[in-house]
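Asks: Sequence first, predicted model second:
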Amino acid sequence: MKKKLMALTKAQQIEAAIRDGIVSGRWPVGSRLPGETSLMEEFGIGRSTFREAMSALAKEGLLVSRHGKGTFITGMPAARSIAICTRVNLFSAYQAHWGVRLLERMRNVVETHGYRALTVVAHGDTVAEQQASINFTDPNVIKDIDGVIALNGTRFIYDRIHEAGIKLVSITRPVPEERGFSVVLDYAALTARAAGILAAQGHDDFAVIYYRRPKERRTVDEDYYEEFEGLVRNAVNGDEARLIGLDREFSYETVKEAFLRWWERPGRGRALLVYDDSICEILCALFLVLGIRVPEDLSVITQGGRERDFFFPLAFTRIGFDPQRTALAAWQLLEAQWNAPDELPGTYVKVAPELFPGNSVAGRDSHAGYRER
């Protein structure tokens, strides 16, 4: 049976507003709250709702009513939370390094700003399964959450969070979410920059090796594959012979088979754009076995993340997104919503790609000999 999504009650919303007032210093510990009538007018509520909120706050130990003197603030609320939500596939083999680093940086940014980082991991292929795997249908769970940052898609939580009035930011690729606020990993810029590097090296006929995700196998938050496929195809001008598609559940053998089909084709190019470090890691081992020299026999650019080390005697260019910059962009967008609550949804910011050191034995301090001017 589908769970009914319950919004915060009016009294719970007033509780949250008064907690925020205590934390912000509007009503410091020891101070007296304005009178009942004044607060009821400010919040636009009736006496029964107001007293329900006051009773809940008193049970928390945040205030006390003194007969004939008023209501006084007696304590600070417990640390407020920012929920960092993701689906379990963020930590699957093909993007685990990025997922772990992004989660680490996001938690650090949240905690640096004085909030408790609450990690929520959903699993399942459908919206219903993902919603059932987390506890965002209970008002008692979300009443202490001031914001939500979703690391890979928001469809499974958007309605619940929006209904509760909680600010939400999603980190997406390569296009923004249709609803809400998004930090977009700019894959269009990454592809264009990589293509420009290869063109400058004389490799206009480079091939692309990437994850291919057929429509019938996509989960609810994988609509971006349509845009991603478009970027990949545009990069090679629609030339199918230059596309090396892999199933997401890849292995050394499947990567080897796909690569050799291209490598042994007459007239193929001498450059390769790899759309993930985990694929490149397998390719590096394969190049050593096959005796392929990089960059002498094959120029390689791989999409990757900062802080991931490679220890192969090969020099290649790495381009990707910095998880720290991505986490900071998400936090700034969340803060922007707090400071400008009437901002229309659909706002997004883009994270630009960066060139990273090769982190290989031969290329630790270089980009395979390439420098942008």
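Replies: Okay, I see it. Residues are numbered from 1 along each chain as shown.

Asks: Pick out the residue nearest the middle of this structure.
Replies: L151 (2.6 Å; Cα atoms, centre = their mean).

Asks: so what's that residue closest to, chain neighbours aside?
Replies: In space, and not counting its chain neighbours, L151 is closest to T86: 4.1 Å by Cβ to Cβ, 6 or more residues apart in numbering. C-beta here means a position set from N, CA and C on the backbone, and glycine is covered the same way.

Asks: so that neighbour, which of the three states?
Replies: strand (DSSP: H, G, I helix; E, B strand; the rest coil).

Asks: Double-check S170 against F181; I have them as touching.
Replies: Yes. Using Cβ atoms under 8 Å, S170 is in contact with F181, at 7.3 Å.

Asks: Give me the distance between the residue nearest to the centre of the chain and V88.
Replies: Going from L151 to V88 by Cβ to Cβ, to the nearest Å gives 11 Å.

Asks: sorry, back to before: would you confirm that the residue nearest to the centre of the chain contacts R173?
Replies: No. In this structure, L151 is not within contact of R173 by Cβ under 8 Å, at 10.8 Å.

Asks: and S48, how many residues sit next to it?
Replies: Counted with other Cβ atoms under 10 Å, the neighbours of S48 add up to 9.

Asks: And the pLDDT at it?
Replies: Model confidence at S48, expressed as pLDDT, equals 93.

Asks: which stretch of helix or strand covers it?
Replies: Using DSSP states H and E, S48 falls within helix 47-59.

Asks: Which residues outside that helix are in contact with it?
Replies: Under the contact criterion Cβ atoms under 8 Å, 6 or more residues apart in numbering, helix 47-59 has outside partners 10-12, 14-15, 18-19, 36, 39-40, 43, 63-65, 71.

Asks: for it, which positions count as buried?
Replies: 49-50, 52-54, 56-57 (16 or more other Cβ atoms under 10 Å).

Asks: Widest-spaced pair of the residues you listed?
Replies: T49 and L57 (13.0 Å; Cβ to Cβ).

Asks: quick one, phi psi at the residue of the chain most remote from its centre?
Replies: If you look at how far each residue of the chain sits from its centre, by Cα atoms, centre = their mean, the farthest one is G68, at 52.0 Å. With angles defined as degrees, to the nearest 10, G68 sits at phi 80, psi -10.

Asks: Return the distance of it relative to Y187.
Replies: To Y187, G68 is 65 Å away according to Cβ to Cβ.

Asks: likewise F321?
Replies: 9 Å.

Asks: who has more neighbours, the two?
Replies: Looking at F321 and Y187 with other Cβ under 10 Å, you find the greater number of neighbours at F321, namely 24 against 21.

Asks: Not counting sequence-adjacent ones, nearest residue to R173?
Replies: L185 (4.3 Å).
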